[in-house]
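Chemist: structure here, sequence nowhere to be found:
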């Protein structure tokens, strides 16, 4: 048995990690590869940190394409070989004419969940403008959704399986900018990157709406460094690039904002 109580101590996503521990123990008992449901990026980070403390379990994460945010984990005994090909995911096309009734990510997700699915069974959703969307789901739901998902908003849709190679992954929309600050404090850099007042940023940080590398941070004075990813709920993400100290001993920081 795995040290469940120790692994769950002080974690943010306790219920998610508990389910993953159940799957890991199943993998140990059966000597089979066992998959989790889809996890959000913060859940993936926390689960992988917990699993990294174990020597008897190995894992691999995959969400259907290289940049996928929501991912499943395949778990196995450390003695067994494991590759991303063993993480089973399926892709769906949700095609319709949305020219006169545009649908958002929220609309497609709502229609998927409206069939009775739970969020954990759905991975990323790629919105294709007025042509519809593509969604990644657990494979066992493909036939069900092909029959059940027939409308999004007011638009009739045809839902069918497609190959993962046919996913139309678009490069992220970004905005590059540079700021010069007196310090590398989170509130200073993030307020410049997201184009909002420092006081508003402090409010968001203290409310727990800001994550660094997918981990919640509530201290405005937290110091950022090159490579950090700052995410704010509902407002996107900010990547911290090169940092150069100027002659006046200030910090010139290159930023990339994901829109």
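Modeler: The structure has been received and is ready for your questions. On a predicted model such as this, the values are computed, not experimentally measured, just so you know.

Chemist: how close does residue 188 get to residue 180?
Modeler: Between residue 188 and residue 180 the distance is 10 Å, computed by Cβ to Cβ, to the nearest Å. Using the backbone N, CA and C atoms, a C-beta is placed for each residue, glycine as well.

Chemist: make that residue 26, sorry
Modeler: Applying Cβ to Cβ, the value for residue 26 to residue 180 is 53 Å.

Chemist: repeat for residue 39
Modeler: Distance, residue 39 to residue 180, using Cβ to Cβ: 38 Å.

Chemist: okay, the two: which has more neighbours?
Modeler: Remark: of residue 39 and residue 180, residue 39 carries more neighbours, 26 against 12, as counted by other Cβ atoms under 10 Å.

Chemist: right, and that one touches residue 69 too?
Modeler: No - Residue 39 lies out of contact with residue 69 (Cβ atoms under 8 Å); the separation is 9.7 Å.

Chemist: show me where the stretch 101-250 of the chain has its strands.
Modeler: 122-127, 132-137, 151-152, 155-156, 158-162, 174-181, 210-212, 215-216, 229-232, 236-245 (DSSP state E, counting those that start in this stretch).

Chemist: show me the strands paired with the longest one, marking each as parallel or antiparallel.
Modeler: What that stands for is strand 236-245. In the sheet, strand 236-245 lines up against strand 229-232 (antiparallel), strand 251-258 (antiparallel) (DSSP bridges).

Chemist: run through who's touching the first one.
Modeler: If I follow you right, that is strand 229-232. 186, 189-190, 193-194, 204, 209-214, 224, 237-240 (Cβ atoms under 8 Å, 6 or more residues apart in numbering).

Chemist: distance between it and the chain's centre?
Modeler: Mean C-alpha position of strand 229-232 versus that of the full chain (Cα atoms, centre = their mean, to the nearest Å) differs by 12 Å.

Chemist: could you do the last one as well?
Modeler: With Cα atoms, centre = their mean as the basis, strand 251-258 stands 22 Å off its chain's centre.

Chemist: flag every buried residue along it.
Modeler: Within strand 251-258, the residues that count as buried by 16 or more other Cβ atoms under 10 Å are 251, 253, 255-257.

Chemist: flag every buried residue along the longest helix that the chain contains.
Modeler: Longest helix in the chain by number of residues (criterion: DSSP state H): helix 14-30. Within helix 14-30, the residues scored as buried using 16+ other Cβ under 10 Å are 16-17, 19-21, 23-25, 27-28.

Chemist: state the pLDDT value of residue 233.
Modeler: If you check residue 233, the pLDDT there is 87.

Chemist: now the one 5 residues further on
Modeler: Residue-level confidence at residue 238 comes out at 97, pLDDT.

Chemist: pretty sure it contacts residue 254?
Modeler: No - judged on Cβ under 8 Å, residue 238 makes no contact with residue 254 at a distance of 11.1 Å.
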